[in-house]
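Student: Sequence first, then the predicted structure:
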Amino acid sequence: MAKLQPRARKVKILATVGPASRTPAMLEKLLRAGADAFRINMSHGEREGHAEVVAAIRAIEARLERPVAILADLQGPKLRVGTFQGGRAVIRHSGHFTLDRDSAPGDENRVHLPHPELFGIMEKGQRLLINDGKIQLRVIRADADSILCSADVGGVISDRKGVNVPDAEIPIPALTEKDRADLSFAVEQGCDWIGLSFVQRPEDLAEARKLIGGRALLCAKIEKPSAVRRLDELIELADGIMVARGDLGVELLPEEVPPLQKKIVNATRRAGKPVIVATQMLESMIESPAPTRAEVSDVANAVYDGADAVMLSAETAAGEWPEEAVAIMSRIATQVERDDAYLPRVRFLDTPPDATTADALSHACMTIADTIAVGAITVFTASGSTARRVARERPSVPVLVLTPSRETARRCALLWGAHPVVTKDIGSFEGMIAKGRRMALRHGFGQAGSRLVVLAGVPFGTPGATNLLHVVTLTGNELSGYER
């Protein structure tokens, strides 16, 4: 089978794996259609099945010689009501409804709420949203054993429906026992990113970071108003951010989500960390072979905002058209990036470099690429930090990331504009220039006469020592006697 060619676009596509896409054949089809990374949703399926998916992705990755990122998305502390007599009940509009600590089956007047921590924090006027906001309750009175509510919006309620609490910070950790076990499994399997769900406060990241132990990067999912209020702190402590618009859209008014999406993307970009826009991007393609025009505009808007990646959820996990969904998303992103207004819009956000040599040189790479014709910016990196600095500048040319670390290459697969390649380490300036030239030619980032910007650090192999920038010209003879 033919190897994957470099993408014509810089924005990455994160595809969720599920029943519709878990076979090796379909996973390869998604990669060829445009997927750059895969999300494994730990809320569904068994670990044995997830392990098979990871093994399949790694086998395809080796065959296609393209590092692929795998993000294990933890379920998080999902709040749910108890059960009902007959499995369901109807809450009357404007009627009273009580959530209490009695485990007996509920009815149209009350139901068990098996989360004792909520009884101590709810206050009059605060909201509880049930079943993705289809039922909206407002607290009248709360004590240690019950929460009496008025139904702003009533309706049918059934067993174990989810509960959202948008107006209070819930005193429960972001990691459940299931999440801890899933996290341990994910890092043992070699997953590259861990997605932490329902983050509320900076402290939520500390335990996950400790359990990961440097074996993966940590992505904080922003899906609660309490997380938005402490956004800058979360960005500082996380390795990346996901705008999880599903639950965020439940707990906020619909019209509040678009400006918040832009705020989160911009703040994360300023910090030089990757940001993913997720949920319902091409949702109609779960059943339809074509998206709606509104969905196309939604994806395009995220690309124009400068997001590092856009994500497909049920479209590829359980939809009837997974390959087509990836292909159409790739075409949308490619078309946006061809727009003459794209780069000016992406750079409208001011991302001033920090007062470091590495940031100054990364900024210079972007300026050089704007001034003279270059095929790519070639970055030698051990940890990936130099590649992130260059990507923050949103240069006009691809970023060829050369690293001896397979883990670093995989992690960079979610980075805007990055084309990661695993290659042998270098030991001299001459070796660096020669290898940069060879890799650029081998991976299609230039031809004889093309120029290349090379960024690295001396002494070689020292993380964080970026201090060297060089512009070279390709001769076309670099591949003779080629060595990886």
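Tutor: Here it is on my side, so go on.
Student: quick one: the helices in the stretch 151-300 of the chain?
Tutor: Per DSSP state H, counting those that start in this stretch, the stretch 151-300 of the chain carries helices over the ranges 177-188, 203-212, 225-229, 231-237, 245-251, 257-270, 293-304.
Student: Ignore what I typed, I meant the stretch 351-484 of the chain.
Tutor: Counting by DSSP H, counting those that start in this stretch, the helices of the stretch 351-484 of the chain are 357-371, 385-392, 406-411, 429-442.
Student: what's the second one packed up against?
Tutor: Identification of packing neighbours for helix 385-392 by 3 or more CB pairs under 8 Å, 6 or more residues apart in numbering; DSSP states H and E yields helix 357-371, strand 377-380, strand 399-403, strand 418-422, strand 451-457, strand 466-473. Glycine gets a C-beta too; all of them are placed from N, C-alpha and C.
Student: can you redo these as a markdown table with distance to residue 227, mean pLDDT and mean neighbour count?
Tutor: Formatted as a markdown table, these follow (distance: least, CB to CB, whole Å; pLDDT from 0 to 100; neighbours: other CB atoms under 10 Å):
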| stretch | distance to residue 227 | mean pLDDT | mean neighbour count |
| --- | --- | --- | --- |
| helix 357-371 | 27 | 95 | 18 |
| strand 377-380 | 32 | 96 | 29 |
| strand 399-403 | 30 | 96 | 28 |
| strand 418-422 | 27 | 97 | 24 |
| strand 451-457 | 34 | 92 | 23 |
| strand 466-473 | 32 | 90 | 16 |
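Student: Quick check: which of these is nearest to residue 307?
Tutor: strand 418-422 (14.0 Å; CB to CB).
Student: From the contact counts, what lies against that closest one?
Tutor: By contact count (3+ CB pairs under 8 Å, 6+ apart), the secondary structure elements abutting strand 418-422 are helix 385-392, strand 399-403, helix 406-411.
Student: Ranking these by mean neighbour count, which comes first?
Tutor: Mean neighbour count (mean count of other CB atoms under 10 Å) peaks for strand 399-403 among the helices and strands packed on strand 418-422, with a mean of 28.
Student: In TSV, list the helices and strands packed on helix 385-392 along with distance to residue 264.
Tutor: Shown next, in TSV, are these (distance: least, CB to CB, whole Å):
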stretch	distance to residue 264
helix 357-371	22
strand 377-380	26
strand 399-403	23
strand 418-422	21
strand 451-457	28
strand 466-473	28
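Student: So for residue 58, which of these sits nearest?
Tutor: That would be strand 418-422 among the helices and strands packed on helix 385-392, by CB to CB, at 12.9 Å.
Student: ok, residues contacting that closest one?
Tutor: For strand 418-422, the external contacting residues (CB atoms under 8 Å, 6 or more residues apart in numbering) are 6-7, 67, 376, 387, 391, 398-406, 408-410, 412-413, 439, 443, 445.
Student: Can you tell me the strand partners of that strand and which way each runs?
Tutor: Note on strand 418-422: by DSSP bridges, its sheet partners are strand 399-403 (parallel).
Student: Residue 441 contacts residue 452, correct?
Tutor: No - contact between residue 441 and residue 452 fails when scored by CB atoms under 8 Å: they sit 9.4 Å apart.
Student: Quick check: neighbours shared by the two?
Tutor: Common neighbours of residue 441 and residue 452 (CB under 8 Å, 6+ apart) are residue 474.
Student: For residue 111, give me its contacts.
Tutor: 81, 82, 83, 84, 89, 97, 98, 99, 100, 157.
Student: hmm, 6 Å instead?
Tutor: Neighbour list for residue 111: 81, 82 [criterion: CB atoms under 6 Å, 6 or more residues apart in numbering].
Student: Show the model's pLDDT score for it.
Tutor: Looking at residue 111, its pLDDT stands at 98.
Student: hang on, it is in a helix, isn't it?
Tutor: No - assigned with DSSP: H, G, I helix; E, B strand; the rest coil, residue 111 falls outside any helix and is strand.
Student: what are the bridge partners for it, then?
Tutor: residue 99.
Student: how close does it sit to residue 363?
Tutor: 57 Å (CB to CB, to the nearest Å).
Student: Residue ranges in this protein under the pLDDT threshold?
Tutor: Along the chain, the model assigns pLDDT under 70 to residues 1, 461-464, 478-484.
Student: for it, which residue is closest to the average position?
Tutor: For the chain, the residue nearest the mean C-alpha position is residue 276 (3.9 Å; CA atoms, centre = their mean).
Student: isn't that residue right next to residue 309, touching?
Tutor: Yes - contact criterion CB atoms under 6 Å: residue 276 and residue 309 qualify, at 4.5 Å.
Student: So which bits of stretch 207-222 are buried?
Tutor: Residues of stretch 207-222 classed as buried by neighbour count (16 or more other CB atoms under 10 Å): 207, 208, 209, 211, 212, 216, 217, 218, 219, 220, 221, 222.
Student: how about the residues you listed in JSON lines, adding distance to residue 188?
Tutor: Shown next, in JSON lines, are these (distance: CB to CB, whole Å):
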{"residue": "207", "distance to residue 188": "18"}
{"residue": "208", "distance to residue 188": "15"}
{"residue": "209", "distance to residue 188": "17"}
{"residue": "211", "distance to residue 188": "11"}
{"residue": "212", "distance to residue 188": "11"}
{"residue": "216", "distance to residue 188": "10"}
{"residue": "217", "distance to residue 188": "16"}
{"residue": "218", "distance to residue 188": "16"}
{"residue": "219", "distance to residue 188": "18"}
{"residue": "220", "distance to residue 188": "22"}
{"residue": "221", "distance to residue 188": "22"}
{"residue": "222", "distance to residue 188": "27"}
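Student: Could you identify the most distant pair in these?
Tutor: Largest pairwise distance in the buried residues of stretch 207-222, by CB to CB, is 20.6 Å, between 211 and 222.
Student: show me what contacts residue 208?
Tutor: Residue 208 touches 196, 218, counting by CB under 6 Å, 6+ apart.
Student: so residue 185 sits right up against residue 46, yeah?
Tutor: No - with contact defined as CB under 6 Å, residue 185 does not reach residue 46; the gap is 10.6 Å.
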